[in-house]
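Engineer: the sequence and its predicted three-dimensional model are supplied below.
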Amino acid sequence: MTPRHARTALATLALACVATLGHAQQGKLKVGLMLPFSGTYTALGAAIENGFKLRVEEQGGKLGGREIEYVRVDDESDPAKATDNVNKLIKRDNVDVIVGTVHSGVAMAMAKAAKESGTVLIVPNAGADAVTGPMCAPNIFRSSFSNWQPAYAMGEVAAKQGKKKAITITWKYAAGDESVGGFREGFEKNGGQVVKQLNVPFPNVEFQALLTEIAAAKPDAVYAFFAGGGAVKFVKDYAAAGLNKTIPLYGPGFLTDGTLDAQGDAAQGMLTTLHYADGLGTPRDNAFRTAYAKAYKLQPDVYAVQGYDAAQMLAIGLAAVKGDISKKAEFASAIEKAKIDSPRGPFSISKSHNPVQDIYLRKVEGKENKMVSIAVKNLADPARGCKL
Ligand code: BEZ
């Protein structure tokens with residue numbers, strides 16, 4: 001080979017390497033879906049995955065120009081397994097972004113791992129106040145709510161309806177404690193008083209003794225935080241004990257979202273507060289609901305919306321960095337500046353990366369959580385302890 005031929009061959013090889021490298025950077029984007037695929041929150045995990053994938057499919061299977069590859073982990077809503085599970089995604093599977101989860105205790109372990117490793121985390125449900133409070137970080141985002149948000153709104157609504165004394169009942173873990181705390185704040189600021197807080201361990205559904213205690217105490221209202229399978233059982237037990245005839249049962253919308261088929265008559269007339277409702281009737285929501293029903297032969301619920309919006313947020317960030325998620329500052333800044341065109345209504349992301357959003361008052365009518373009014377407009381979580 002002449003020196004000239006050798007130089008040409010080297011140049012060709014170099015070009016091929018550059019092309020390969022460029023291709024690698026624009027190769028598939030690995031999304032780790034860490035969700036409950038078993039246990040009391042199974043249906044919630046499924047709806048989030050459906051919603052996320054629907055948005056990706058609407059974009060032709062690509063976000064920021066990159067095809068999406070999924071790695072799924074069943075977190076079982078078990079905080080004891082959470083650190084190992086999230087580290088599998090970060091260290092073994094080398095995912096580019098993690099989407100998860102439902103359970104607040106699991107999400108806190110995920111936030112810690114994401115903060116330490118710098119991996120982008122989008123939380124599509126878990127409301128743990130700490131995730132966008134003391135644990136907030138430039139690479140952690142939430143497409144859902146903080147536990148404080150719908151709970152605070154319900155406290156205001158209950159007090160304004162003239163209720164004076166309330167008993168709260170919940171699973172004893174971060175989400176339940178914070179939900180009760182938010183309700184208490186809204187209720188007591190407006191003249192009500194929480195006279196007793198009742199708890200059951202997560203995910204137990206033995207409510208009988210506590211329902212007997214409620215019946216004897218005769219409060220003006222009960223506020224409950226349960227979701228998924230536990231919400232179905234609690235609402236049915238409350239009605240079976242005849243309490244729904246005498247003491248109104250309030251809650252954040254998780255008490256009746258995605259559960260009405262199973263709750264049937266027991267849930268009729270219940271008032272709840274949430275950042276989504278049936279019957280919004282906007283073109284955006286109608287289009288989403290039609291597409292979801294067509295894809296999955298199911299009606300969407302709040303969890304599906306939160307999954308869908310997690311994909312929308314990821315798409316916004318990735319578009320700004322042309323698929324290069326290592327450009328963390330530009331990725332975050334695009335999401336921070338965006339108005340997310342959600343089926344729930346447009347929302348923005350606060351400095352602590354939590355949605356600033358309308359909280360609806362809803363009433364159960366048949367199989368729907370019908371929108372009654374906006375309970376609190378543009379409600380931002382106080383983000384206590386977040387230093388960003
Ligand atoms: C939570 O653990 O944060 C949670 C679980 C289900 C519904 C809402 C919140």
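Structural biologist: Cool, the structure landed. Residues are numbered from 1 along each chain as shown.
Engineer: okay, now the domains of the protein?
Structural biologist: 25-145+280-345, 148-274 (automatic domain parsing).
Engineer: check contacts around the closest residue to the ligand within the stretch 201-350 of the chain.
Structural biologist: Closest to the ligand within the stretch 201-350 of the chain is residue 227: 3.6 Å, counting by CB to the nearest ligand atom. All C-beta spots, glycine's among them, are computed from the backbone N, C-alpha and C. Contact partners of residue 227, counting by CB atoms under 8 Å, 6 or more residues apart in numbering, are 40-41, 44, 254-255, 257.
Engineer: at 7 Å what do you get?
Structural biologist: Taking CB atoms under 7 Å, 6 or more residues apart in numbering, we find residue 227 in contact with 41, 44, 254.
Engineer: residues near the second one, how many?
Structural biologist: So that's residue 44. Number of residues near residue 44 (other CB atoms under 10 Å) recorded here: 30.
Engineer: and what of the last one?
Structural biologist: As a burial measure, the neighbour count of residue 254 was computed by other CB under 10 Å and equals 28.
Engineer: so it makes contact with residue 232?
Structural biologist: No. Using CB atoms under 7 Å, residue 254 makes no contact with residue 232, being 11.3 Å away.
Engineer: returning to what we had before: okay if I get the domains of the chain as a markdown table plus mean pLDDT and distance to residue 373?
Structural biologist: A markdown table is the format used below for the domains of the chain (pLDDT from 0 to 100; distance: least, CB to CB, whole Å):
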| stretch | mean pLDDT | distance to residue 373 |
| --- | --- | --- |
| domain 25-145+280-345 | 97 | 12 |
| domain 148-274 | 98 | 9 |
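Engineer: same list (those domains) but as a markdown table, adding distance to residue 359.
Structural biologist: Shown next, in a markdown table, are the domains of the chain (distance: least, CB to CB, whole Å):
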| stretch | distance to residue 359 |
| --- | --- |
| domain 25-145+280-345 | 8 |
| domain 148-274 | 4 |
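Engineer: what's the closest of those domains to residue 380?
Structural biologist: Residue 380 sits nearest to domain 148-274 of all the domains of the chain, at 8.4 Å, using CB to CB.
Engineer: what's the span of that closest one, first residue to last?
Structural biologist: Start-to-end span of domain 148-274 (CA to CA, to the nearest Å) is 11 Å.
Engineer: what does stretch 373-388 give?
Structural biologist: Using CA to CA, the two ends of stretch 373-388 sit 34 Å apart.
Engineer: tell me the secondary structure for the residue sitting nearest the centre point of the chain?
Structural biologist: For the chain, residue 125 is the residue whose C-alpha lies nearest the centre (CA atoms, centre = their mean; 1.5 Å). Under DSSP: H, G, I helix; E, B strand; the rest coil, the three-state class of residue 125 is coil.
Engineer: do the same with the one 5 residues further on
Structural biologist: Here residue 130 is helix, with the state taken from three-state DSSP.
Engineer: I'd say it and residue 108 touch.
Structural biologist: Yes. The criterion here is CB under 7 Å, and residue 130 meets it with residue 108 at 5.9 Å.
Engineer: which parts of the stretch 101-250 of the chain sit against the ligand?
Structural biologist: By CB under 6 Å from any ligand atom, the residues of the stretch 101-250 of the chain that approach the ligand are 102-104, 125-128, 147, 175, 227.
Engineer: what ranges do the strands span in this structure?
Structural biologist: Remark: strands assigned in the chain by DSSP state E are 29-35, 62-63, 66-74, 97-99, 120-123, 140-142, 165-171, 193-200, 221-225, 249-252, 271-274, 348-349, 355-365, 368-379.
Engineer: switch the ones you listed over to a markdown table; also include distance to residue 317 and mean neighbour count.
Structural biologist: As requested, the strands of the chain are exported to a markdown table (distance: least, CB to CB, whole Å; neighbours: other CB atoms under 10 Å):
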| stretch | distance to residue 317 | mean neighbour count |
| --- | --- | --- |
| strand 29-35 | 11 | 25 |
| strand 62-63 | 9 | 20 |
| strand 66-74 | 12 | 17 |
| strand 97-99 | 9 | 26 |
| strand 120-123 | 8 | 28 |
| strand 140-142 | 8 | 28 |
| strand 165-171 | 33 | 23 |
| strand 193-200 | 38 | 17 |
| strand 221-225 | 31 | 27 |
| strand 249-252 | 28 | 27 |
| strand 271-274 | 26 | 26 |
| strand 348-349 | 11 | 19 |
| strand 355-365 | 15 | 22 |
| strand 368-379 | 23 | 17 |
